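Novice: predicted structure and sequence below. I'll ask about it afterward.
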Amino acid sequence: MKNYGTFLFRLGIFLLPSAFFISSILLTLSLIISFFISDLRKIFTDKLNLIFFVASVLMIIICILQFFIGDTSNIEESGDWNKYLSWIGLGNWIPLFLCFWGFQIYLINLNERKITAKFLIAGSIPVLVSGFGQYFFDWHGPINTLNELIVWYQRPLISEYQGLSGLFNNQNYAGCWLNIILPFSIAILFESKSNIFKKGTSVVIAISISLAIFLTSSRSAWSGLLLTFPLLFGTSFLYWFLPLILSMFFIIFLNQYDFFPQNIQELFNFLKFENIVNEFQEDNYTNVEKRSKIFLYAIKKIIENPILGLGAGSFPIFYLIKYKTYIGHTHNLFLELTFNYGIIVSSVIFINILVICYLGFVKIYVQGGKNNFFEKAWFTSFFVLICSQMVDIEYFDGRISIIFWVLLAGIKNNIKVIRHEY
């Protein structure tokens, strides 16, 4: 049973970015098997696991209270929101808590985490192929099959400010996913010392992921790229990263003055200095609501009802009523959860996540030896991911939310190995 569950889990991870529907079925089956073969008492006697169970109970209680005593008549009258959305919103959390508990058995040691990461990298090759095809060769769709159960969005790039998105919905989602897999590609590269073929393949994949992150034109993804290297290498990254950055700026400089042939210049048009600077100019985002404005409004509304929250899916309606502009979420995962279900629920969940991160950091960076580079990659992947959720929310993409909890489960197992009985 353990072997069947492991196979389904790894195959689900492999298909996660490209075939989410099939992947979700495989991961669900592996999750069911994990609960059959695990000693549930050992899972739930661990406090770090138990707290998410407590959070689940609290969320259900909050939904009941919102349904019977919550005052949301002003937005229900708009016809775009009802109290059942809070119950539907639980689907973004409670099933993922189950994944966190159940998938720990498939990430029980370093070797199993390495294999999982390699399946994740291999399964992400379609993200790179579709992204480069979209950016350089104008491949676009959307492409779908199985009656749209599998969809590759593959949008045409109709604006010079649009970046690579590939099979994802937009460039921020693509950039978030690429930042998740980048640390693992670097870790695999540094492990491939003897085999020249593996070394060469690892170099190509790591460079391709880094280039794809740059091509997304996502400022959040660029920040994640810069955060990855010091987390992986510490201060030693400066010895090679600074020369790399200087070389890149030198190429950008040469590209400004027709140094390269015309066909080469067109290929590397994205390296033009003005294109990079434009990504940080406020004039190019005149139609985009500022994060500070969104955050402040969300906090103001939370203060009105901090305990119960205002209900899942209600933020866009409140914001539309106030500013006549549609914004789909608060752009901060902690604020989003607090807005939907109250400060108690969000604090319980996020404090536990931060405790796991802190204990993982101590285990890997303080107590760990020199040969824990892959554990650093695992921690880096999750840390960059959760940081990105503080300025945008890609979490509501099922692929990203699942990998969020898989990575956290891996860190949890690194802190304290749980011995399962099969």
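Specialist: Received it, and whenever you're ready, just let me know what you need.
Novice: CA only for contacts and neighbour counts going forward, please
Specialist: Will do.
Novice: how about Leu149, what does it touch?
Specialist: Leu149 makes contacts with Phe21, as judged by C-alpha atoms under 8 Å, 6 or more residues apart in numbering.
Novice: an error on my part: the question was meant for Lys199.
Specialist: Lys199 neighbours (C-alpha under 8 Å, 6+ apart): Leu189, Ser192, Lys193.
Novice: between the residues you listed, identify the one with the most neighbours.
Specialist: In terms of neighbour count, Leu189 stands highest of these at 19 neighbours, by other C-alpha atoms under 10 Å.
Novice: element containing that one, please.
Specialist: Here Leu189, judged by DSSP states H and E, is contained in helix 171-191.
Novice: can you show me the strands along the stretch 101-250 of the chain?
Specialist: 143-145, 150-152 (DSSP state E, counting those that start in this stretch).
Novice: for the last one, packing partners?
Specialist: With contacts taken as 3 or more C-alpha pairs under 8 Å, 6 or more residues apart in numbering; DSSP states H and E, strand 150-152 sits against strand 143-145.
Novice: list the contacts of the strand it packs on.
Specialist: By C-alpha under 8 Å, 6+ apart, strand 143-145 touches Ile150, Val151, Trp152, Tyr153, Gln154.
Novice: for Phe132, give its distance to Gln171.
Specialist: 13 Å (C-alpha to C-alpha, to the nearest Å).
Novice: anything in contact with each of these two?
Specialist: Counting by C-alpha under 8 Å, 6+ apart, the common neighbours of Phe132 and Gln171 are Leu164.
Novice: for Glu112, grab the count of nearby residues.
Specialist: 16.
Novice: Glu148 now?
Specialist: 11.
Novice: can you list the weak-confidence ranges in this protein?
Specialist: By pLDDT under 70, the low-scoring segments of the chain are 40-43, 70-80, 159-161, 194, 235-289, 369-371, 417-422.
Novice: if we can go back for a sec, can I have the buried ones of the contacts of strand 143-145 as a ChimeraX selection?
Specialist: Per 16 or more other C-alpha atoms under 10 Å, the buried members of the contacts of strand 143-145 correspond to this ChimeraX selection:
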select :151,152,153,154
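Novice: put together TSV for the contacts of strand 143-145, with distance to Ser165 on each row.
Specialist: Shown next, in TSV, are these (distance: C-alpha to C-alpha, whole Å):
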residue	distance to Ser165
Ile150	16
Val151	13
Trp152	10
Tyr153	8
Gln154	7
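Novice: with distance to Leu8 as extra columns, can I get the contacts of Lys199 in a markdown table?
Specialist: Converted to a markdown table, the contacts of Lys199 look like this (distance: C-alpha to C-alpha, whole Å):
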| residue | distance to Leu8 |
| --- | --- |
| Leu189 | 26 |
| Ser192 | 27 |
| Lys193 | 30 |
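Novice: nothing else from me, thank you.
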